[in-house]
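Novice: Need the 3D shape of this:
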Amino acid sequence: MPRRHSAASAALTAALLSPFLAACGSGDSTTTSASASKQGARKAVESYVTALNSRDANRLIEVGGVPNDARARNEARRILADKGGRELSVKKIQVDLDIGPDTGSAKLTAQEKSGRNTHDTFSVLKKNGTWHLTLFTNRPTPPGKPTSEAE
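Specialist: The predicted structure follows:
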């Protein structure tokens, strides 16, 4: 004759297995959040490639997350003169959120129209819900913020 478990026994079994079953589930919110963040950073790298291919300084400034001022426009023109118009096609983008959920690095491998492979690495940062690449170096230090130079 089969042995019957009481309702209390079934409840205890369910309580003990619940953490294990949740960990095995397909919808871990931390994993989903990290995946969404990586996808956002990846899209920023793709926007960078589009800006280079179309020689679009405004889009480059936007993906860089800097104010559209004379300094940014000058630097964008220099970046586009150096890297723009090569008809890049993305081969691989690797995003690592190794500093935190909103900060990390991205490695781009692309191929130019000429067949030459090119590689670039960026710091990626999510600011106000939007992912940006640190492309612009000629940015002033905000007032009251110490610089890294020793005085």
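Novice: Output the contacting helices and strands for the host helix or strand of residue 131.
Specialist: Assigned by DSSP states H and E, residue 131 falls within strand 130-133. If contacts are counted by 3 or more C-beta pairs under 8 Å, 6 or more residues apart in numbering; DSSP states H and E, strand 130-133 sits against helix 29-54, helix 57-64, strand 117-127. Heads up, the C-betas are built off the backbone N, CA and C, glycines and all.
Novice: And the contacts of the second one?
Specialist: If I follow you right, that is helix 57-64. Contacts with helix 57-64, where a contact means C-beta atoms under 8 Å, 6 or more residues apart in numbering, come from 44, 47-48, 50-52, 68, 72-73, 76-77, 79-80, 132-136.
Novice: picking up where we left off before, now the helices and strands packed on strand 130-133 as TSV including mean neighbour count?
Specialist: Output for those, formatted as TSV (neighbours: other C-beta atoms under 10 Å):
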stretch	mean neighbour count
helix 29-54	16
helix 57-64	20
strand 117-127	15
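Novice: Could you dump those into CSV and include mean pLDDT and distance to residue 101?
Specialist: Formatted as CSV, these follow (pLDDT from 0 to 100; distance: least, C-beta to C-beta, whole Å):
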stretch, mean pLDDT, distance to residue 101
helix 29-54, 88, 6
helix 57-64, 97, 20
strand 117-127, 96, 8
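Novice: could I get these as TSV with distance to residue 97?
Specialist: Formatted as TSV, the helices and strands packed on strand 130-133 follow (distance: least, C-beta to C-beta, whole Å):
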stretch	distance to residue 97
helix 29-54	6
helix 57-64	18
strand 117-127	8
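Novice: ok, the strand holding residue 131: who's next to it in the sheet?
Specialist: Here strand 130-133 has these sheet partners by DSSP bridges: strand 117-127 (antiparallel).
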